[in-house]
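Asks: Got a predicted model here, sequence first, then my questions.
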Amino acid sequence: MTMLIRTDLFPPSERLVRYREAAMDLPVPVLVDVGSARSGDFWAVWGAADLGDVSVASVACRAPYRFRRTPDLIRRSDPEAYRLVLNLRGRGGVTHHGRHAELAAGDLALYETSSPFAGWRGSADSASEWIMVTFPRRLLPMAPGVIEPLIGHRLPGRDGVGALLGTMVHRLGRDIHDYRPADRPGLSRTLLDLLAILLHNQLETPTPESIASRHRTLMIQIRSFIRNRLSDPALSPETIAAAHHISIRQLHRLFQADGTAVAAWIRACRLERCAHDLTDPAQRPRSIREIAARWGFPSGAHFSRSFRAAYGLSPQDYRRQGGAHR
């Protein structure tokens, strides 16, 4: 991970100030308050790494620690993202959307960056450690209105799908440099699919075979099927429906319930892969036309129009600016 700040590298008198400054310079800035703790007693370390559009941050601190995200800070910087937190050690809590969740080791919580939240970490006699996974809301294959009841609640991370998700988050935070850059987008998609399954499980009604439950599971399978075949020029609503033994009409209804259309979602996924390749140094030898064709855009003119509509830049300008406007 890239080290964003380690307070013991600074003189004792500067440690709190430096950490507060670092917290305000993040893409999701927060105010930090450590109460009566002396600057010299405060220790914290913050590292971060990227998995494409998904970022992973590992944070540890010693001494009580409070944080707040205010409306002013939201106006200052808001990536319109969800944030998944895995509490590894110590205790903590978050208040968000009018709900309060207290987190022990192994617990998970989900919140979003576009509304205020507050929380606390650690205690005077113990250290705390946690991992945060932040990603654009559009990447989670669930409508915001469906997810909202779970925002700010504790999510189980010690058994079932939650334990699988927690283990993956932990390993990514610890071993991220062991994975090849080419593997990282796939890892981030797997992580988000696991999160979607966990959220669906938490939303399920007491009837395990309910129609809603089956539809949610089916949508996760369909989205995974599409992501794994984006380079296939034969990918279409017809082939997707046939592979999942449903009618084309039913496929369209499933996507409409999530507020989108099948073709639009496929196009968005293909554009996302193109955007990644345009800023990937390993793909520099490939022309823009080759990248577009690789991800299902045989027409260069159609690709350029679609890319500009989605990203606000031509593919050439996006590549030249390194995705800075993403």
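Replies: Everything's here; your move.
Asks: buried set for stretch 91-107?
Replies: For stretch 91-107, the neighbour count (16 or more other Cβ atoms under 10 Å) marks 91-97, 99, 101, 103, 105-107 as buried. From N, CA and C alone the C-beta is placed, and that goes for glycine too.
Asks: do the same with stretch 35-44
Replies: Buried, per 16+ other Cβ under 10 Å, within stretch 35-44: 37, 39, 42, 44.
Asks: Quickly find the element holding Gly296.
Replies: Under the criterion of DSSP states H and E, Gly296 resides outside all helices and strands.
Asks: Retrieve the pLDDT associated with the nearest residue to it once chain neighbours are set aside.
Replies: Counting by Cβ to Cβ, 6 or more residues apart in numbering, Gly296 lies nearest to Arg270, which is 4.9 Å off, once chain neighbours are set aside. With respect to pLDDT, Arg270 scores 93.
Asks: try Glu209
Replies: The predicted local confidence for Glu209 comes out at a pLDDT of 44.
Asks: Could you check how many residues crowd around the closest residue to Gly90 other than its chain neighbours?
Replies: In space, and not counting its chain neighbours, Gly90 is closest to Ser128: 3.0 Å by Cβ to Cβ, 6+ apart. The burial metric for Ser128, expressed as a neighbour count using other Cβ atoms under 10 Å, is 24.
Asks: Show residues contacting the helix or strand Ser128 falls within.
Replies: Using DSSP H and E, Ser128 sits in strand 127-136. Strand 127-136 is contacted by residues 27-28, 53-62, 65, 79-92, 113, 121-122, 169-170, 172-173, 188, 191-192 when judged by Cβ atoms under 8 Å, 6 or more residues apart in numbering.
Asks: redo that, cut-off 7 Å
Replies: The list of residues contacting strand 127-136 from outside it, by Cβ atoms under 7 Å, 6 or more residues apart in numbering, reads 28, 53-62, 79-90, 92, 121-122, 169-170, 173, 191-192.
Asks: list the buried ones in it?
Replies: With burial defined by 16+ other Cβ under 10 Å, the residues of strand 127-136 counted as buried are 128-135.
Asks: between the residues you listed, which is nearest Trp265?
Replies: Top of the list for closeness to Trp265, among those and by Cβ to Cβ, is Phe135 at 16.6 Å.
Asks: and the closest one, what are its bridge partners?
Replies: Legend: beta-bridge partners of Phe135 under DSSP bridges are Tyr82.
Asks: From Arg229, how far out is it?
Replies: Separation of Phe135 from Arg229 (Cβ to Cβ, to the nearest Å): 22 Å.
Asks: Can you list the residue ranges for strands in the stretch 51-200 of the chain?
Replies: Taking DSSP state E, counting those that start in this stretch as the criterion, the stretch 51-200 of the chain carries its strands at 54-62, 65-69, 81-89, 92-96, 99-103, 108-112, 117-121, 127-136, 154-155.
Asks: got a markdown table for those, with mean pLDDT too?
Replies: Output for the strands of the stretch 51-200 of the chain, formatted as a markdown table (pLDDT from 0 to 100):
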| stretch | mean pLDDT |
| --- | --- |
| strand 54-62 | 93 |
| strand 65-69 | 92 |
| strand 81-89 | 95 |
| strand 92-96 | 91 |
| strand 99-103 | 90 |
| strand 108-112 | 95 |
| strand 117-121 | 93 |
| strand 127-136 | 94 |
| strand 154-155 | 92 |
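Asks: To Ala275, which of those strands lies closest?
Replies: Proximity of the strands of the stretch 51-200 of the chain to Ala275 was assessed by Cβ to Cβ; the nearest stretch is strand 127-136, lying at 12.0 Å.
Asks: looking at this protein, which helix or strand is least sure?
Replies: Within the chain, judged by mean pLDDT, DSSP states H and E, the helix or strand with the poorest mean is helix 211-227; its value is a mean of 80.
Asks: Dump whatever helix or strand comes next after it to PDB, restricted to CA.
Replies: Using DSSP H and E, the helix or strand that directly follows helix 211-227 along the chain is helix 237-243. Once non-C-alpha atoms are left out, helix 237-243 reads as follows in PDB (Å, rounded to 0.1, in the frame of the first residue of the first chain):
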ATOM      1  CA  PRO A 237     -30.100 -10.100 -24.300                       C
ATOM      2  CA  GLU A 238     -31.000 -13.200 -26.300                       C
ATOM      3  CA  THR A 239     -27.800 -15.100 -25.300                       C
ATOM      4  CA  ILE A 240     -28.000 -13.900 -21.700                       C
ATOM      5  CA  ALA A 241     -31.700 -15.000 -21.300                       C
ATOM      6  CA  ALA A 242     -31.000 -18.400 -22.900                       C
ATOM      7  CA  ALA A 243     -28.000 -19.000 -20.600                       C
END
